[in-house]
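Novice: this one's sequence-less:
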Ligand SMILES: [Zn+2]
């Protein structure tokens, strides 16, 4: 099962085919293979035009903003982890 999905880059990514940089907010195709691997394609390599109804980056950015405090909190809960690593 291969899924192709148009998404917008939430950060700078690199096309897995031609290696061009996909800048944050730019549309790209995410191809998921067997739910295990995902490939990124820039619009040039996708072979199909960017859908006009692709939503702007606003929604994914909000989601990332919600995730960041969680990560910070998780670190705060493990104050001794850093010492053990060193
Ligand atoms: Zn490309």
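Specialist: Nice, I can see it. In this text the structure is predicted, and so the values were computed from the model without any measurement.
Novice: the ion versus the residue nearest to residue 46 when sequence neighbours are not counted, what's the distance?
Specialist: Nearest residue to residue 46 in three dimensions, chain neighbours excluded: residue 29, at 4.3 Å (Cβ to Cβ, 6 or more residues apart in numbering). Placement of C-beta: from N, CA and C, glycine included. Applying Cβ to the ion, to the nearest Å, one obtains 9 Å for the distance of residue 29 from the ion.
Novice: for residue 25, same thing?
Specialist: When Cβ to the ion is applied, the distance between residue 25 and the ion equals 17 Å.
Novice: just confirm residue 44 is within a strand.
Specialist: No - the assignment for residue 44 is helix, going by DSSP: H, G, I helix; E, B strand; the rest coil, so no strand is present there.
Novice: name the nearest residue to it, ignoring sequence neighbours.
Specialist: Leaving aside its chain neighbours, residue 44 sits nearest to residue 18 (6.7 Å; criterion: Cβ to Cβ, 6+ apart).
Novice: flag the helix or strand of this protein with the lowest per-element mean pLDDT.
Specialist: Taking all helices and strands of the chain together, the one with the lowest average confidence (mean pLDDT, DSSP states H and E) is helix 58-76, at a mean of 51.
Novice: sketch out the low-pLDDT regions of the chain for me.
Specialist: Applying pLDDT under 70 to the chain flags residues 59-86.
Novice: tell me which parts of it are close to the ion?
Specialist: By the rule Cβ under 5 Å from the ion, the part of the chain lying against the ion is 15, 17-18, 42, 45.
Novice: if we go to 6 Å?
Specialist: For the chain, the contact set with the ion under Cβ under 6 Å from the ion comprises 15, 17-18, 20, 41-42, 44-45.
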